[in-house]
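# okay, predicted coordinates and the sequence, questions at the end:
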Amino acid sequence: MRAFRLAYDGRAFYGFQRQPDVPTVEGALLETLAAGGVLDDGETPPGYAAAGRTDAGVSAVAQTVAFEAPDWCTPAALNGRLPGSIRAWAAADVPQGFHATHDASRRTYTYQLHAPDADDAAAVEAANRLAGEHDFHNLTSDESGTVRDVTVGVERDGEFLVVTVGAGGFPGSSSADSSASSPRSPSTASRSRGSTRCWARRRCRAGRACPGCRQSR
Amino acid sequence: MPPEPLILTGVNYPGVKFAVDEEAVESARGVFSQRRVDGLERVRVAETVLSGLA
C-alpha cells in the first residue's frame, strides 16, 4: 500500500467527499485513478481511505489518501492526470492494513481569519477555553473513543488572526510523531508534540478508570 | 463556491515517513505560486478602486 500527500485549492470543489452531481476533490482523484486503470468507474481502489473530509471551499496541504497503488502510481504520475488545483507531492509505502483515517494520530487545521480590528487578547482567551480535552460524543454515533485532546493557537499576522487548531486521532493511533514529514508551522509543531499521549491515559484524565494508566504514573 | 480560509495543514502518522517527489513538488509550487499572484493582483485592483472612490 502507498499513502500520498495531496495539496489542493478547495475553492473549486464542493468539499472532499465524492458526490454524484458536483465536483469534489475525491471525485477528481478517483476519476484520475479510473483513467489510469487503478479502479473501475464508481469504485474505490483496495484499501482506500483518506485522512479527513474537508468541507466545501476548504483547502489542504497535508490531505492524505492511501490505497493499493501500482508501481507507476507516483505523485508526479498522478499530477499528470489530476486537475491543476489538486497536486500530489509526496508518498510513503505503508503496511498492509494501513488506514489513512484511523491511523492518523493528529490533524491540524489553520484558519486565516481576516480580523484587523479584533481584540487579540480576547481571541487568545477564547482559544484557551477551547483547548484541552473534550468529549465529542454528541457529534458522532461512536459509543466510545470520542475524547480528543485539542490545541488552539492564535497569532496576529498583519490584518489576519491565524488560528491553528489541532486534535488527536482515533484511539490507538497515537505514539510517535511524524511531524518531520508534515509541512506545519513551527509553532504548531511545538504545540502538538506533547499531545500524542496514549488513549488510555486520556480516558483517565477524563475521569474514567484505567489500571494501565495508573501503573504508568 | 465561497472561498474558505481554512486549510488542513497537518496529518501525522506514527512511523510513516513521506518521501517528497521533487517533480511533483515543483508542479505544486508552480500552481500555487500562480494562484498567489492572481490573489495579489485582485487585492491591488480592489485597493485601486477603493482609493479612487470619492
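Arrived safely, thanks for sending. Just so we're clear, the structure is a prediction, and the values are computed from it rather than from any experiment.

# if the nearest residue to A:D149 once chain neighbours are set aside is in a bridge, with which residues?
Nearest residue to A:D149 in three dimensions, chain neighbours excluded: A:G168, at 4.5 Å (Cβ to Cβ, 6 or more residues apart in numbering or on different chains). No exception for glycine: its C-beta is placed from N, CA and C like everyone else's. Applying DSSP bridges to A:G168 gives these bridge partners: A:R106.

# A:G168 contacts A:A104, doesn't it?
No: judged on Cβ atoms under 8 Å, A:G168 makes no contact with A:A104 at a distance of 9.2 Å.

# all strands for chain A, in order.
A:2-8, A:49-50, A:59-67, A:86-93, A:106-114, A:132-135, A:147-157, A:160-168 (DSSP state E).

# can you redo those as a markdown table with mean neighbour count and mean pLDDT?
Compiled in a markdown table, the strands of chain A are given as follows (neighbours: other Cβ atoms under 10 Å in any protein chain shown; pLDDT from 0 to 100):
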| stretch | mean neighbour count | mean pLDDT |
| --- | --- | --- |
| strand A:2-8 | 25 | 98 |
| strand A:49-50 | 20 | 97 |
| strand A:59-67 | 25 | 98 |
| strand A:86-93 | 23 | 98 |
| strand A:106-114 | 19 | 96 |
| strand A:132-135 | 13 | 92 |
| strand A:147-157 | 18 | 96 |
| strand A:160-168 | 21 | 96 |
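
# let me see the contact set for A:V124.
The contact partners of A:V124, by Cβ atoms under 8 Å, 6 or more residues apart in numbering or on different chains, come to A:V154.

# got a pLDDT number for it?
A:V124 carries a pLDDT value of 96.

# hmm, back to that, now distance to B:D21 too, for the strands of chain A, in TSV please.
Shown next, in TSV, are the strands of chain A (distance: least, Cβ to Cβ, whole Å):
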stretch	distance to B:D21
strand A:2-8	9
strand A:49-50	19
strand A:59-67	14
strand A:86-93	6
strand A:106-114	22
strand A:132-135	37
strand A:147-157	30
strand A:160-168	26
